[in-house]
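Asks: based on what follows, work out the 3D shape:
(one chain, ligands or ions: 1)
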Amino acid sequence: MLERSRSQAAFERAQRVLPGGVNSPARAFEAVGGNPLVIESGSGARIRDIDGNEYIDLVLSWGPLIRGHAHPAVLAELQQAAARGTSFGAPCEAETRLAELVVERVPSVELVRFVNSGTEATMSAVRLARGVTGRDAILKFAGCWHGHADSFLIAAGSSALSLGTPDSPGVPSDFARHTLVAPYNDAEAVAALLAKHEVAAVIVEPVAGNMGCIPPAEGFLEALRALCDRHGSCLIFDEVITGFRVAPGGAQERYGVEPDLTTLGKTIGGGLPVGAFGGGRKWMENISPLGMRVSQAGTLSGNPLAMAAGHATLADLVAADYTRLEAIGAQLAEGLKEAPVPVQVQRVGSMMTLFFSDVPVLDLETSSASDGKRFATWHRAMLERGVYLPPSPFEAFFVSLAHTPEDIDAILAAHREAVGELA
Ligand SMILES: *Cc1c(COP(=O)(O)O)cnc(C)c1O
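Replies: Now for the predicted structure:
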């Protein structure tokens, strides 16, 4: 057993002033039991809790840290930016530099607006789609998570799933009725809904990450593209996880399907709070102060520190880095498949999930049918052996460029012992 007395005391103290002791429910350990770790520091592929225990980190702040914790190049740019002042609320060159990088890499994006979180990005993209199309309804997929704006808290994934509240109290039913829901990977259901309703936008995680990692079925994204074209709906790829992660230009590059609007977050900020939405001029030239002046604003948007961290994280990534992420991801996924109980390890590049399931996971129904008790046992056993995983069976985990083949060997050695406890 690892020593956790300081973490325990710190978490109890936190619970007296923070609801549940956390600032995001995904961090709670309800689905796996025990208390969250209280983190002191991170370096490369490792984090350390305040009791001094070290863990190989497969959460990476839920994805952003594609180069690992406290990367020297990122820290250097951040320090230089901070010395010049932390915020101006006026244009700065750092935001144009990061915007140029986004436009260069993400195939469908010609103009981009920075915001401060993924939630803001999806919320704003949907408003833009509604403004331009003049329609109210949107279509999302069961188990996909697009942040916590009202329109998306219908059959939502991520923490809503692990805490068993896919439909949140507090969302007015008048809002909820504008959100249509289809099963993931089911293009026929989408076709039927779009034929019946006037839909402003279809929003999708092009690789689902928030009910565990579920790749798009062959032809699914292409079908969404064709259906949106036929019915005049805006296709939004929510690439908050997949952007810069599954390929330099995200899932739209990897699968060769271009959405109308793209939402970004997580990796784009390199560990600072950043989101973004972008797309073709036809759409983006209607956001305020342009065109139809669809409203969107943010005091700290394009913040120079956040822009510097994002740029420092992404600018030097080259094709060879993605080849390495792919190889490290494959090494981990192959090793995780070895278990005495049925498992499905589903991976796209450096994002993956181990499901305790005897059938491939294609949608929310098959994801929910996986064995959560086995996951909780495995999670605890891995944590005891120094491997930090997301505390829920409905999340993706990640490797970074800081993870070495030796780190993966150490994770797999822990895994062989941990799954032994399940047999
Ligand atoms: C994390 C996430 C969001 C929300 O981003 P926040 O920064 O947490 O608001 C939106 N969409 C997807 C696909 C995500 O994974």
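Asks: just the CA atoms of stretch 43-53, as CSV, please.
Replies: Provided in CSV are the C-alpha atoms of stretch 43-53 (Å, rounded to 0.1, in the frame of the first residue of the first chain):
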residue,chain,number,x,y,z
SER,A,43,7.6,16.2,-15.0
GLY,A,44,7.7,14.4,-18.4
ALA,A,45,5.5,11.3,-18.2
ARG,A,46,5.3,11.3,-14.4
ILE,A,47,3.3,13.0,-11.7
ARG,A,48,3.9,13.1,-8.0
ASP,A,49,1.3,13.3,-5.2
ILE,A,50,1.9,15.3,-2.0
ASP,A,51,2.8,12.2,-0.2
GLY,A,52,5.8,11.8,-2.5
ASN,A,53,4.4,8.8,-4.5
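Asks: and the residue of this protein closest to the ligand?
Replies: Of all residues in the chain, residue 118 sits closest to the ligand, at 2.1 Å by CB to the nearest ligand atom. For every residue, glycine as well, the C-beta is placed using N, CA and C.
Asks: walk me through the domains of this protein.
Replies: Listed domain ranges for the chain are 5-66+318-422, 72-314 (source: automatic domain parsing).
Asks: dump the residue contacts of the residue of the chain closest to the ligand.
Replies: 146, 147, 238, 240, 263, 264, 265, 266, 275 (CB atoms under 8 Å, 6 or more residues apart in numbering).
Asks: ok, residue 314 next?
Replies: With CB under 8 Å, 6+ apart, residue 314 has these contacts: 98, 101, 105, 244, 267, 268, 270.
Asks: please repeat the previous calculation with a cut-off of 10 Å.
Replies: Each residue near residue 314 by CB atoms under 10 Å, 6 or more residues apart in numbering is listed here: 66-67, 74, 98, 101-102, 105, 243-244, 248, 267-270.
Asks: same thing with residue 278?
Replies: Residue 278 neighbours (CB under 10 Å, 6+ apart): 99, 102-103, 106, 108-114, 121, 125, 261-264, 284, 287.
Asks: these: which ones sit near the ligand?
Replies: Checked against the ligand using CB under 6 Å from any ligand atom, the contacts of residue 278 yield no neighbours at all.
Asks: could you flag which of these are buried?
Replies: For the contacts of residue 278, a neighbour count by 16 or more other CB atoms under 10 Å gives the buried set as 99, 102, 106, 108-109, 111-114, 121, 125, 261-264, 284, 287.
Asks: three-state assignment of the residue most central in space within the chain?
Replies: With distances taken as CA atoms, centre = their mean, the residue of the chain nearest its centroid is residue 241 (3.2 Å). Secondary structure for residue 241, judged by DSSP: H, G, I helix; E, B strand; the rest coil, is coil.
Asks: what sits closest to it if chain neighbours are left out?
Replies: Ranked by CB to CB, 6 or more residues apart in numbering and with sequence neighbours excluded, the top spatial neighbour of residue 241 is residue 209, at 4.3 Å.
Asks: pull the number of nearby residues for the one you found.
Replies: By other CB atoms under 10 Å, 31 other residues sit near residue 209.
Asks: you'd agree it is up against residue 245?
Replies: Yes - counting by CB atoms under 10 Å, residue 209 does reach residue 245; the two are 9.2 Å apart.
Asks: find residues that contact each of these two.
Replies: By the contact definition CB under 10 Å, 6+ apart, residue 209 and residue 245 are jointly contacted by 63, 266, 348, 351, 396, 398.
Asks: possible to save the residues you listed as JSON lines with secondary structure?
Replies: Formatted as JSON lines, these follow (three-state DSSP):
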{"residue": "63", "secondary structure": "coil"}
{"residue": "266", "secondary structure": "helix"}
{"residue": "348", "secondary structure": "strand"}
{"residue": "351", "secondary structure": "strand"}
{"residue": "396", "secondary structure": "coil"}
{"residue": "398", "secondary structure": "strand"}
